[in-house]
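K.L.:
with the sequence up front, the predicted model follows.
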Amino acid sequence: MLTILKFTFKEHFSRKLLIFSLILAGIFLGLYGLGVHYTAKDLAQNQNPMIVDIVFPQILSLGLYFGGFIVSFLAIFSTVGTVSSEIENGIIQTIIIKPVRRCDIILGKFLGTGVFLALYAFLFFLALYFIIRLETGLELTGLWKAAALFALQPIILLAVTLLGSTIISTIANGVVAFTVYMIGIIGGMVEQIAWLINNVTLQKAGIIASLIMPVDALYRKIVNSLLNPTGNPMTALQQLGPFGSMVEPSVWMVVYAIFYVLLLVGLAVYSFNKRNI
């Protein structure tokens, strides 16, 4: 398993997708940094501190939200063929004939890819954090907790694509994974709107979507962790809009997300063991 883990981890650094992802991340961070810089510069001349207290958290949420898109897309498109592409190309035949257990193949690929994605997400998050912190001086709390949750997001998507790659084709897996991801995103927005208008039915719909795909729920918890809204009278205004977090998800949602990953990886191992290759 350790051999497959090391090979899988190194393999991601040789892919063109990583280069494109780094370029896109660099462009995003560059444009985001410029936007934050000039916004902070203009607001420095504003005599109304309330506007500053509202705008800066909104900019932070915006960066985390779309930054999460970039990391999530990398997670999906770099892992949809983790197993299925090797089956389709016949490469898997050279691996399974060796004295390597099938569960070691799946776990090695999961851990190798997971370490890579977590590292990428962690560094991306730190870049966003320090752009906001240095340019705006916004007081943020829970850095390492938020960074860990941000790094967990692509791991969840990896678990989804890993299971899919042991059952269906690479293209079909990409469609399914992207659809499930969008269910979570749309559900998160619906739940945010539901809290604003106090609609219980929509709140439940958003919670169900979070159970299907908990990535967006983790994002909402990250926002709450960084802004530490407890006792802040500006909280309601800071958390307005689809990128805010009117209600912090429970710690049990984090526990559920971890269980979600373990369950899907376990199902991937079971599916691959039963598959006739």
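P.N.:
Now that the structure is in, tell me what you want to look at. Note that the coordinates shown come from a computational prediction; the quantities given were computed from them, not determined experimentally. Residues are numbered from 1 along each chain as shown.
K.L.:
buried stuff in the top helix by length along the chain?
P.N.:
The longest helix of the chain (DSSP state H) is helix 102-136. Within helix 102-136, the residues that count as buried by 16 or more other C-beta atoms under 10 Å are 102, 104-118, 120-122, 124-125, 127-129, 131-132, 135-136. Backbone N, C-alpha and C define where each C-beta goes, glycine included.
K.L.:
what's the mean pLDDT across it?
P.N.:
Averaged across helix 102-136, pLDDT comes to 90.
K.L.:
mind checking what helix or strand follows it in sequence?
P.N.:
Next helix or strand after helix 102-136 toward the C-terminus (DSSP states H and E): helix 143-165.
K.L.:
send me that following helix as CSV with only the CA atoms.
P.N.:
In CSV, the C-alpha atoms belonging to helix 143-165 read as follows (Å, rounded to 0.1, in the frame of the first residue of the first chain):
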residue,chain,number,x,y,z
LEU,A,143,-7.0,29.8,11.4
TRP,A,144,-5.9,26.1,11.7
LYS,A,145,-9.4,24.8,12.3
ALA,A,146,-10.6,26.6,9.2
ALA,A,147,-7.6,25.4,7.2
ALA,A,148,-8.2,21.8,8.2
LEU,A,149,-11.9,22.1,7.2
PHE,A,150,-10.9,23.6,3.8
ALA,A,151,-8.5,20.8,3.2
LEU,A,152,-11.2,18.3,4.1
GLN,A,153,-13.4,19.5,1.2
PRO,A,154,-11.5,17.9,-1.7
ILE,A,155,-11.1,14.7,0.3
ILE,A,156,-14.9,14.3,0.4
LEU,A,157,-15.0,14.7,-3.4
LEU,A,158,-12.1,12.3,-3.8
ALA,A,159,-14.1,9.7,-1.8
VAL,A,160,-17.1,10.2,-4.2
THR,A,161,-15.0,9.9,-7.4
LEU,A,162,-13.1,6.9,-6.0
LEU,A,163,-16.2,5.0,-5.4
GLY,A,164,-17.6,6.0,-8.8
SER,A,165,-14.5,4.9,-10.6
